[in-house]
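J.: pasting the structure only:
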């Protein structure tokens, strides 16, 4: 069997990361719906970190309106500050104390747009 090329391995890793992030995004979409339907007394909600690690179970607290603003861009994800993975084709576009917003680019950005639950 011929060994995989570095590009093929990188693409496989990017695809797995995008699928993991899409799972967390679907969870957060549901959390947003639930919080909206209950009209909670505070606008703050705990969302799941949308990093590429499927093992991650950390929470990120932000307002529903801020989450919605980030979600309007299908290539933007909310992650814990120490969960940024530049090798996974992402860069920080906003920093807050509790979280950062990363933008996926290249193949990872393409996959993020394809897997966006709001598209279609």
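T.: That came through fine. Every value quoted in this text rests on a predicted model; they were computed, and no experiment measured them. Residues are numbered from 1 along each chain as shown.

J.: who touches residue 26 in this structure?
T.: Residues in contact with residue 26 (Cβ atoms under 8 Å, 6 or more residues apart in numbering) are residue 117. All C-beta spots, glycine's among them, are computed from the backbone N, C-alpha and C.

J.: which residues of the chain fall in helices?
T.: Assignment of helices within the chain using DSSP state H yields the ranges 6-38, 64-71, 106-114.

J.: Go through those and name the closest to residue 82.
T.: Nearest of the helices of the chain to residue 82, taken as Cβ to Cβ: helix 6-38 at 16.2 Å.

J.: What are the buried residues along that closest one?
T.: Going by neighbour count (16 or more other Cβ atoms under 10 Å), the buried part of helix 6-38 is 10, 13-14, 17-18, 20-22, 24-25, 28-29, 31-32, 35.

J.: and of the helices of the chain, who's closest to residue 87?
T.: By Cβ to Cβ (comparing all of the helices of the chain), the closest turns out to be helix 6-38, at 8.4 Å.

J.: where's the closest residue to residue 20 other than its chain neighbours relative to residue 6, distance?
T.: In space, and not counting its chain neighbours, residue 20 is closest to residue 54: 4.5 Å by Cβ to Cβ, 6 or more residues apart in numbering. According to Cβ to Cβ, to the nearest Å, residue 54 stands 23 Å off from residue 6.

J.: before we move on, what about residue 31?
T.: Distance, residue 31 to residue 6, using Cβ to Cβ: 37 Å.

J.: mind showing which ranges of the protein have poor pLDDT?
T.: 1-4, 35-42, 119-120 (pLDDT under 70).

J.: Recalculate using a threshold of 50.
T.: Filtered on pLDDT under 50, the chain yields the residue ranges 1-3.

J.: on that earlier part again, mind pulling up the phi and psi values for the residue nearest to residue 20?
T.: Note on residue 54: backbone dihedrals following degrees, to the nearest 10 are phi -70, psi -20.
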